[in-house]
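Asks: One predicted model, sequence on top.
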Amino acid sequence: MYTTLERSLSVSWLLILIIIGAKVNAADQWPAEPPPEPPAEWGPVSANFEEIDYPYPVKFLKLRRFDQDMNMAFMDVAPSGQPNGQTVFWQHGMNFYSEAYTPTIKALAAEGFRVIAVDRIGYGKSSKPVIPYNFNFVAANMKTLLDELDISEVAIVGHSMGGMVVSRFAMLYPDITSHVVMVNQIGLTDQRQGRPWSDPYDADLAPAGYRGILAGHRRYFPEAWPPSHLEFVRRQYGQTLSGEWPRLTMVRRLQGGMLYNDPVVYDWQHITTKALVLGGEEDGLVADFPTLAHNVADQLQNATILLYPGIGHAPQIEIPDQFHSDLIRFLTSDSGAPASEWE
């Protein structure tokens with residue numbers, strides 16, 4: 001809980017800081033526009049999010065990778081509605097972690113799905129090792145968790161970088177994957193064709209500033225800024241104030257390097273699983289997203305595509321009801337039928 005406030009803060013910012021301290025994220029209690037500078041009361045956020053509450057119990061899978069012990073955090077969410085016998089494995093984006101997709105997790109659970117939502121290694125409440133990150137590593141960790149939970153079939157959904165994760169997983173483990181959904185996937189081209197490799201260890205480790213972090217998040221939304229999204233900016237910025245920021249910055253740099261070093265563009269043609277390419281057409285992270293998204297759908301062996309006009313990189317935030325309805329309709333469709341017939 002925050003206890004000191006500068007007199008120069010307006011009444012509205014006083015309210016905001018109280019809300020932040022209480023961890024309340026209601027949209028109508030945040031400012032319509034983010035402040036130009038971080039509020040004085042925004043303090044450090046721990047490396048493993050110890051102070052961030054998740055909506056469901058968090059468990060940890062112990063892993064031994066690259067000769068290191070690691071803990072991968074996950075939520076195993078039981079259906080809140082009539083169980084339908086299906087399990088969905090949710091994969092988050094580069095700037096996020098499982099908790100950020102709470103509304104979607106709840107919507108899926110309400111429709112009878114068991115939902116497994118992880119914080120990948122390097123994110124959220126999971127370990128933050130300095131290792132050579134790659135998508136095979138991530139997919140192997142997913143498979144290990146499914147084996148631990150004795151899950152023999154799963155539908156996989158990934159947003160943003162999570163779309164790259166599920167692309168690799170669907171290629172490697174087709175026998176246990178019933179459906180795959182790529183939501184505003186990034187990594188839609190092989191970046192090695194356009195720029196040279198850079199050494200992640202040969203650079204200044206200064207953390208990103210508030211303005212840079214905010215600008216990155218603003219690119220998700222082509223129209224109105226969702227006020228409650230400022231909480232995610234606060235968390236990311238808060239980690240740069242942590243005493244562990246040099247390690248966290250290096251981890252982030254190594255994760256970002258996956259897009260360059262380990263492209264998934266050659267995976268799609270080998271994916272036989274029924275697939276849906278889903279997302280907002282006005283994606284501010286990808287130049288000409290519609291054209292590249294159609295290319296993904298064309299490369300996949302059994303796929304369909306649904307794009308939302310006027311919507312950006314995060315349709316689950318901008319149009320949650322429509323997004324959840326379409327996602328659930330696809331996930332409950334016959335996995336053995338052509339993707340073109342999912343409606």
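Replies: Nice, I can see it.

Asks: From Ala224, how far out is Lys125?
Replies: In this structure, Lys125 lies at 30 Å from Ala224, with C-beta to C-beta, to the nearest Å as the measure. Glycine gets a C-beta too; all of them are placed from N, C-alpha and C.

Asks: neighbour count winner among these two?
Replies: Just comparing Lys125 and Ala224: by other C-beta atoms under 10 Å the higher neighbour count belongs to Lys125, 23 against 9.

Asks: Please give me every residue in contact with the more buried one.
Replies: The contact partners of Lys125, taken as C-beta atoms under 8 Å, 6 or more residues apart in numbering, are Asn48, Phe49, Glu50, Ile52, Tyr54, Val58, Ala73, Tyr97, Asp119.

Asks: out of those, which is most surrounded?
Replies: Most crowded among the contacts of Lys125, counting by other C-beta under 10 Å, is Asp119 at 26 neighbours.

Asks: Does that residue touch Met70 like I think?
Replies: No. Counting by C-beta atoms under 8 Å, Asp119 does not reach Met70; the two are 11.4 Å apart.

Asks: and for those two, which residues touch both?
Replies: Here Asp119 and Met70 have Ser126 as joint contacts, going by C-beta under 8 Å, 6+ apart.

Asks: ok so, going back, let's have the contacts of Lys125 in a markdown table, adding distance to Gln191.
Replies: Rendered in a markdown table, the data for the contacts of Lys125 read as follows (distance: C-beta to C-beta, whole Å):
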| residue | distance to Gln191 |
| --- | --- |
| Asn48 | 30 |
| Phe49 | 30 |
| Glu50 | 35 |
| Ile52 | 32 |
| Tyr54 | 33 |
| Val58 | 34 |
| Ala73 | 29 |
| Tyr97 | 24 |
| Asp119 | 26 |
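
Asks: of the residues you listed, closest to Phe113?
Replies: Distance to Phe113, by C-beta to C-beta, is smallest for Tyr54 among the contacts of Lys125, at 18.1 Å.

Asks: Surely the closest one forms part of a strand?
Replies: No. The assignment for Tyr54, made by DSSP: H, G, I helix; E, B strand; the rest coil, is coil rather than a strand.

Asks: and the closest residue in space to it that isn't next to it in sequence, what does it touch?
Replies: The spatially closest residue to Tyr54, leaving aside those adjacent along the chain, is Glu99, at 4.8 Å (C-beta to C-beta, 6 or more residues apart in numbering). For Glu99, the set of contacting residues under the criterion of C-beta under 8 Å, 6+ apart consists of Ile52, Tyr54, Pro55, Asp119, Gly124.

Asks: how about the strands in the stretch 1-150 of the chain?
Replies: In chain order, the stretch 1-150 of the chain shows strands spanning 59-65, 68-77, 87-91, 114-118, with DSSP state E, counting those that start in this stretch as the criterion.

Asks: Which of the ones you listed sits closest to Ala297?
Replies: Between Ala297 and the strands of the stretch 1-150 of the chain, the shortest gap by C-beta to C-beta is with strand 87-91, which sits at 18.8 Å.

Asks: Could you identify the helix or strand that succeeds whichever strand or helix holds Asn295?
Replies: Asn295 is part of helix 289-299 when elements are defined by DSSP states H and E. The helix or strand immediately downstream of helix 289-299 is strand 303-308, counting by DSSP H and E.

Asks: quick one: strands adjacent to that following strand?
Replies: The strands that strand 303-308 pairs with in its sheet are strand 274-280 (parallel) (by DSSP bridges).

Asks: who's in contact with the helix holding Asn295?
Replies: By C-beta under 8 Å, 6+ apart, the residues outside helix 289-299 that reach it are 182, 184-185, 188-189, 265, 268-269, 275, 277, 279-283, 286, 303-305, 307.

Asks: follow-up on the earlier one: which of the strands of the stretch 1-150 of the chain sits closest to Pro207?
Replies: Among these, if distance is taken as C-beta to C-beta, the winner is strand 68-77, at 22.6 Å.

Asks: Tell me the buried residues in that closest one?
Replies: Met70, Met72, Ala73, Phe74, Met75, Asp76, Val77 (16 or more other C-beta atoms under 10 Å).
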